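S.K.: this is the structure alone, sequence omitted:
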């Protein structure tokens, strides 16, 4: 599994830490009552606080605090009952106050952990360094006018959680798994919608390399604002290779901030350490230290939903699923719920196979979502019931499923309409078997002479004669008895 | 008309209640007084029409039912308070023309209590100064004159210089001020009026142009202790829009004026009598101690050992906060914009043209003390010293009920004095700054005249949120001082 990059001088490994900015799900902004809906008319969701007008003061939104605590608990992290908001000072046109209210020395959430589900079914724990609350900036739009920039302050002041991992990730693949798992947890908690396309989850990657076997942490570069998991992986891959090439060429890596160009698949320097901002952090005198009541933390803890890791463990224990299947099913809360609805009172293995197989294939092909599936969980369950009670053979069931996707009808209705009911009438099957035996005496002889694989051919002929409706088990049994005697 | 101008808020309030005159008459008299004293440059914006409308509305209210605590009383608003639809500049070019679409909590409360605003009063730019000379709109002038040189124009103090000058010159009955390091108390002392900086958190800062957020506090400036008590009652109170405003009931401050201070212990800090303290200031201080003693209080010598560090501490913390608070004046959304070819050039040109030299100085100092590598040596250390200063007061208040000190080391100085060295100017606030750093209430009242005929103020400092004891002692001292002198032309 180890991700080793071969260089001219030897083998290298990559050391990655991720900083994720997750937009908090809340109706109002972190320090103002303005709305946070995505896609609103530019500058239509801006209060005087968000626009940095004179004399305006921030007031903390308790919902955002609760969401951060909830996220912290979901990451099994330490909740700091006292935390401090600090001002991060810099000038930019989309930062109306001239500072971002963030947290610096004392974040609301301390160390936690996140468990990666590796494709081979094993897991790996990655450390969370901290989570803090901060304001988002507005948006600068540079492509609407040849010489002017436009500013949209709708996002200005929206609450973000900056979730910082420890430098524990060792491959682009792990970085991708980390982001997917973090998104899964945030969505389970309902604290961030995890939508990277809309920018409600953004990622900065800190990347460095070292020779395999070394434990040093070399100079890292920060790649800013990468907006998809795939791009994060590409950026890391590119950046790691770049570092190795520099080291092997006798050079040194400078600590700097870089941007990922997704069109070219490469990173380039944004600003060097010498040009790094001096943010002049200091505690925001407009806000008192944020003090959280332990009872509030306990109340949030008591209402935490079952999270992916616990759900996965339960699926393995209660349904006998393997780690991989369980991991796939719990990644989205809605998929897990879908599976559980199908499995309830039925054979869990069969439910898992149907959901993971035909259902997911149909879901992908249809372009629909698990919340609006092409086949409902109840209908899929009913289909499995029809197999169990012998109405449908496995083969017929696949045909019925395809019709369900096509028509949206319940399986029992389709069975009736299309006359797809399995034939279990011994007489009818026997007649078909006899007809086939009679018509192929040479092949019967071959089977009797030991070529038993030909039996399959006989089964096919009988099924063909019954338009696939004959119960395959009965056909098999009858053929063996009649041909082999 | 002159009689109307010499009334206290309390007297006018009672006379309005009795129907002796109307709010319109009272307001008209003050509008004329303002027109007559434009030489003092106390106002940045006069709003006579709005004032008359408000006065008419007040008279109608009074006819219809019970009047508010300040109904029909004409006041001025320091131009640091945002006033809806009325230009608010903080005396800075960078905000010239800015008409806020909102009203500060404090001015809104005063208006809700029925007060009539006559306009916006001059101040030092962004409240940074002790002379009102840093105003972009020109210095406000003190109505008092030196006996030895009546032609010399004197500063009213700062930063609430326009407020103090207007109250002293009877242009307004009272005015709002704000105090960060002495900006209510020092001009009150220079102009022979009374002003109180309440406990930090007593009044909402919402809608007040910020200078140094952890120090800024609004307060009343008026001609009597009772008037300050009345007005503070209409300004104070919890505001959910200001996280640092305190959720405590506002007492009836006027009721605190019992006239009885027997048994109170009055702290006299030895550190406030430095070598070189002017003899006349020392004398009026001693006189104050005698008055309180005569009224049955006991003076107790106390020590506030960290006093000497207060000024440097303040001149780290206040500029640090100001450097960040003033970042929003960038030419983008309101106020002055000087175009540039790039964003950075626009910032540079706008801020260079928009800010005066004192504001620029403090932004530079503040930026420096917060910079990487200097933060611990300056800002973090200043915060530690600030806690020690607050601790000095806390210990002192274990044994005393109120502390008496001079308000300022000198009486008002000439417009052309103290111009060479900014630090000399900063020394004006040496007696008021420790109180600000500790967040305590401090009141200045006129206690006598200098040999040259200028008012001298004394400061009373109280426990946190114990403005009542401060008012009680101030009331007694006011009676004893019987300060009846008036500036020229009043």
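M.R.: Sure, I can see it. For clarity, every value in this text was computed on a predicted model and none was experimentally measured.
S.K.: list the contacts for residue 436?
M.R.: Picking chain A for this. Each residue near residue A:436 by C-beta atoms under 8 Å, 6 or more residues apart in numbering or on different chains is listed here: A:458, A:461-462, A:465. From N, CA and C alone the C-beta is placed, and that goes for glycine too.
S.K.: sorry, should have said chain B
M.R.: Shown in contact with residue B:436 (C-beta under 8 Å, 6+ apart): B:179-182, B:197, B:215, B:217, B:314, B:442.
S.K.: kindly report the same for residue B:387.
M.R.: Applying C-beta under 8 Å, 6+ apart, no residues qualify as near residue B:387.
S.K.: one more pass at 10 Å, please.
M.R.: Counting by C-beta atoms under 10 Å, 6 or more residues apart in numbering or on different chains, residue B:387 touches B:306, B:437-438.
S.K.: again with residue B:213
M.R.: A:57, A:284-287, B:180, B:205, B:242, B:244, B:318, B:321-322, B:324-325.
S.K.: circling back: mind checking which of the contacts of residue B:436 are in helices?
M.R.: Those of those mapping onto helices are residue B:314, per DSSP state H.
S.K.: of the contacts of residue B:436, list those near chain A.
M.R.: Among the contacts of residue B:436, the residues within reach of chain A (C-beta under 10 Å from any C-beta of the partner chain) are residue B:215.
S.K.: now, which of the contacts of residue A:436 sits nearest residue A:481?
M.R.: Nearest to residue A:481 among these, counting by C-beta to C-beta, is residue A:458 at 12.0 Å.
S.K.: the closest one: neighbour count?
M.R.: For residue A:458, the neighbour count with other C-beta atoms under 10 Å in any protein chain shown is 23.
S.K.: please identify which helix or strand holds it.
M.R.: Using DSSP states H and E, the element containing residue A:458 is helix A:454-465.
S.K.: next SSE downstream of that helix?
M.R.: Counting by DSSP H and E, the next helix or strand C-terminal to helix A:454-465 is helix A:472-479.
S.K.: quick one: average pLDDT of that next one?
M.R.: When pLDDT is averaged along helix A:472-479, the result is 83.
S.K.: in that helix, what's buried?
M.R.: For helix A:472-479, the neighbour count (16 or more other C-beta atoms under 10 Å in any protein chain shown) marks A:472, A:474-475, A:478-479 as buried.
S.K.: ok, now stretch B:336-346?
M.R.: For stretch B:336-346, a neighbour-count test (16+ other C-beta under 10 Å) marks B:336-338, B:343, B:346 as buried.
S.K.: so which of those comes closest to residue B:391?
M.R.: Here the nearest of the buried residues of stretch B:336-346 to residue B:391, counting by C-beta to C-beta, is residue B:336; it sits at 42.8 Å.
S.K.: closest point of chain A to chain B, which residue?
M.R.: Proximity of chain A to chain B (C-beta to the nearest C-beta) peaks at residue A:98, 2.3 Å away.
S.K.: for the residue nearest to that residue when sequence neighbours are not counted, grab the count of nearby residues.
M.R.: Of all residues not flanking residue A:98 in the chain, residue B:327 sits nearest, at 2.3 Å (C-beta to C-beta, 6 or more residues apart in numbering or on different chains). For residue B:327, the count of nearby residues is 23 (other C-beta under 10 Å).
S.K.: and residue B:327, helix, strand or coil?
M.R.: helix (DSSP: H, G, I helix; E, B strand; the rest coil).
S.K.: that one reaches residue A:97, doesn't it?
M.R.: Yes - counting by C-beta atoms under 10 Å, residue B:327 does reach residue A:97; the two are 6.8 Å apart.
S.K.: mind listing the shared neighbours of those two?
M.R.: Contacts common to residue B:327 and residue A:97, judged by C-beta under 10 Å, 6+ apart, are A:52, A:87, A:89.
S.K.: out of the residues you listed, list just those in strands.
M.R.: Among the shared contacts of residue B:327 and residue A:97, the members found in strands (DSSP state E) are A:87, A:89.
S.K.: what about chain B: which of the shared contacts of residue B:327 and residue A:97 touch it?
M.R.: Answer for these near chain B (C-beta under 10 Å from any C-beta): A:52, A:87, A:89.
S.K.: quick one: mean pLDDT for stretch A:17-26?
M.R.: Average pLDDT, stretch A:17-26: 98.
S.K.: now check it, is it near chain B?
M.R.: No - between stretch A:17-26 and chain B, judged by C-beta under 10 Å from any C-beta, nothing touches; the nearest distance is 17.8 Å.
S.K.: from the chain's centroid, how far away is the longest helix seen in chain A?
M.R.: Secondary structure of chain A per DSSP H: the longest helix is helix A:229-248. Here helix A:229-248 is found 23 Å from its chain centre; the criterion is C-alpha atoms, centre = their mean, to the nearest Å.
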